[in-house]
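In: Need the 3D shape of this:
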Amino acid sequence: MKGLMRLSLALDPDVKVLLPDGSTHNLADYLMPSALLMLAALMLMISMFLPYWSMKMTAPQYPKGLRVNVYVNHLEGDMREIDELNHYLGMPELDKGGQLERSISFVAIIVLGLLLVAGVFIHNQWAAIIALPVLAYPIIFLADLFYILYQYGHSIDPKSALGSAIKPFTPPLLGEGKVGQFGTIANFEIGFYLVLLSVVLVLIALWFHRAAYKPLADARKRVREQKAISLNVATEAH
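Out: From the prediction side, this is the model:
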């Protein structure tokens, strides 16, 4: 009950924060960026347990298709069947790619979430700077995934059973493709969309953060300038 009362007071437009120069600002304006940063951190944490990307392979001999779901720390799906097909091409097992990234993924995402939480307590431009890794995270994920797909498609052993029948390829990150007689369909999954949502929330939070704390910084600057002027006047009077 007390928490609800404090929240209602915070959202009341008549509740003001007194700035150092005597001007006022709405209390809710300071709570908004903090709430958005916390929500963005939560979205990142949830994404760790959901698939980021998937690929489905279709062929006449596999009427239901073969599917692999990519999480940040493991793969799921028809791994054995796909690995058997890759064996005839001399390609490595699916689980061999991105082992380093998967081994550090949970720790890395937790660190990103903690950076956002730290931004709640930072009231200057450093809040935007420490949020940069989060903003770059989806780009890094896509670049790394593309690199892994490229490596797989270009690791065909020409001396393997079917290696000479298929040219090197790079499966698409999104949409339809073709590998030999297999059609492929790649899609982003809910985990990656949560990351994108987190990025959007961070950008909105940083906008509100600047709108709230720049007036505070300006007020402090004006107070310092007024004190400096007053000190100069007192010095000259003596």
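
In: Next, the buried residues of the helix or strand where M43 lies.
Out: Assessed by DSSP states H and E, M43 sits inside helix 27-47. Neighbour counts over helix 27-47 (16 or more other C-beta atoms under 10 Å) mark 27-34, 36-45, 47 as buried. Bear in mind the C-beta positions are built from the backbone N, C-alpha and C, glycine included.

In: Sheet-wise, list the partners of the next helix or strand after it with their directions.
Out: Sequence order places strand 53-59 as the next helix or strand after helix 27-47, per DSSP H and E. In the sheet, strand 53-59 lines up against strand 62-70 (antiparallel), strand 182-188 (antiparallel) (DSSP bridges).

In: show me what contacts the closest residue to A212 other than its chain neighbours?
Out: Excluding its sequence neighbours, the residue lying closest to A212 (C-beta to C-beta, 6 or more residues apart in numbering) is D29, at 4.4 Å. The contact partners of D29, by C-beta atoms under 8 Å, 6 or more residues apart in numbering, come to F208, A211, A212.

In: go on, P92?
Out: Applying C-beta under 8 Å, 6+ apart, the residues near P92 are N86, Y152, S155.

In: neighbour-wise, which of those leads?
Out: Y152 (20 neighbours; other C-beta atoms under 10 Å).

In: Please name the residues that touch that residue.
Out: Here Y152 is in contact with N86, M91, P92, L94, G97, P171 (C-beta under 8 Å, 6+ apart).

In: Please indicate which of the contacts of D29 are buried?
Out: F208, A212.

In: Can you add secondary structure, distance to V117 and pLDDT and give the contacts of Y152 back as CSV?
Out: Formatted as CSV, the contacts of Y152 follow (DSSP: H, G, I helix; E, B strand; the rest coil; distance: C-beta to C-beta, whole Å; pLDDT from 0 to 100):
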residue, secondary structure, distance to V117, pLDDT
N86, helix, 41, 75
M91, coil, 42, 77
P92, coil, 38, 77
L94, helix, 35, 83
G97, coil, 32, 81
P171, coil, 36, 85
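
In: What's the mean pLDDT across stretch 137-157?
Out: Per-residue pLDDT over stretch 137-157 has a mean of 89.

In: Let's see the pLDDT reported for K227.
Out: The predicted local confidence for K227 is 62.

In: actually H87, sorry about that
Out: Looking at H87, the pLDDT reads 75.
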